[in-house]
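Enquirer: Provided below for reference: sequence and predicted model.
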Amino acid sequence: MAAILFAGLWFFVGKSKRLALLEATWAAILGLGINQLIGLFYFHPRPYMIGLCAPLFPHGPETSFPSDHVTLMFAAAFYLLLARRWTACGIPLLAVALLTAWGRVYSGIHFPFDMAGSLAVGFISVGLTHLSSRPLNPLNERLIRIVDQLTSRLVQTRKRGASEG
């Protein structure tokens, strides 16, 4: 969901906002990486794995702490809200993250404790990403130029195809 939102926004915002979207993406990726490290050292069963409920949808029996889905969304939302002060995008994304957290618990896939862990990992990844934003700026600028060039070529190709057809 966050990826779709970011991809859609990319075409309608200026360069500084694109940088914010890219940095929020880095925060989300870092949060996912932290989750993977936690999963290597700490296993916590899912509610259905210990017989507390039947899950609403099938899910593999892997560690539940913390939630990858919610960590990704919390990290991106918090980065936009706290590091970039971009409330127009951060607040709706935070709302989606909260709804997702509720849904994952309601469906029997996670415990509320897992969501608290996702919240903490989201904050940690935002802090680390914000601290490294200046050194990563040249890479981010280059990535933005590459994506802009690719999308420009794609738009030109589509316009040419539409005018010929």
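Expert: Nice, I can see it.
Enquirer: Which helix or which strand is home to residue 16?
Expert: Using DSSP states H and E, residue 16 sits in helix 15-41.
Enquirer: looking only at pLDDT, what's the mean for that helix?
Expert: The average pLDDT within helix 15-41 is 92.
Enquirer: Just list what it packs against, helices and strands only.
Expert: Packing partners of helix 15-41 (3 or more C-beta pairs under 8 Å, 6 or more residues apart in numbering; DSSP states H and E): helix 2-10, helix 68-78, helix 112-131, helix 133-164. Where C-beta positions appear, they are placed from N, C-alpha and C, glycine not excepted.
Enquirer: among those, which is the most enclosed?
Expert: With neighbours defined as mean count of other C-beta atoms under 10 Å, the helices and strands packed on helix 15-41 peak in mean count at helix 68-78, which reaches a mean of 27.
Enquirer: which residues are in contact with that helix?
Expert: The contact list for helix 68-78, computed with C-beta atoms under 8 Å, 6 or more residues apart in numbering, reads 1-2, 6, 24-25, 27-28, 30-32, 34-35, 90-91, 93-94, 96-97, 100-101, 104, 110, 114-115, 118-119, 121-123, 125-126, 129.
Enquirer: Need the residue closest to the centroid of the chain.
Expert: Nearest residue to the geometric centre of the chain (C-alpha atoms, centre = their mean): residue 72, 3.3 Å.
Enquirer: Now do the SS call for residue 13.
Expert: Three-state assignment for residue 13 (DSSP: H, G, I helix; E, B strand; the rest coil): coil.
Enquirer: Could you list the low-pLDDT ranges of this protein?
Expert: Scanning the chain for pLDDT under 70 picks out 1-11, 158-165.
Enquirer: Tell me how far the residue nearest to the centre of the chain lies from residue 33.
Expert: Distance from residue 72 to residue 33, counting by C-beta to C-beta, to the nearest Å: 11 Å.
Enquirer: Repeat that for residue 46.
Expert: According to C-beta to C-beta, residue 46 stands 21 Å off from residue 33.
Enquirer: if you count what's nearby, which of these two comes out ahead?
Expert: Neighbour totals were compared for residue 46 and residue 33, and residue 46 leads with 22 against 13 (other C-beta atoms under 10 Å).
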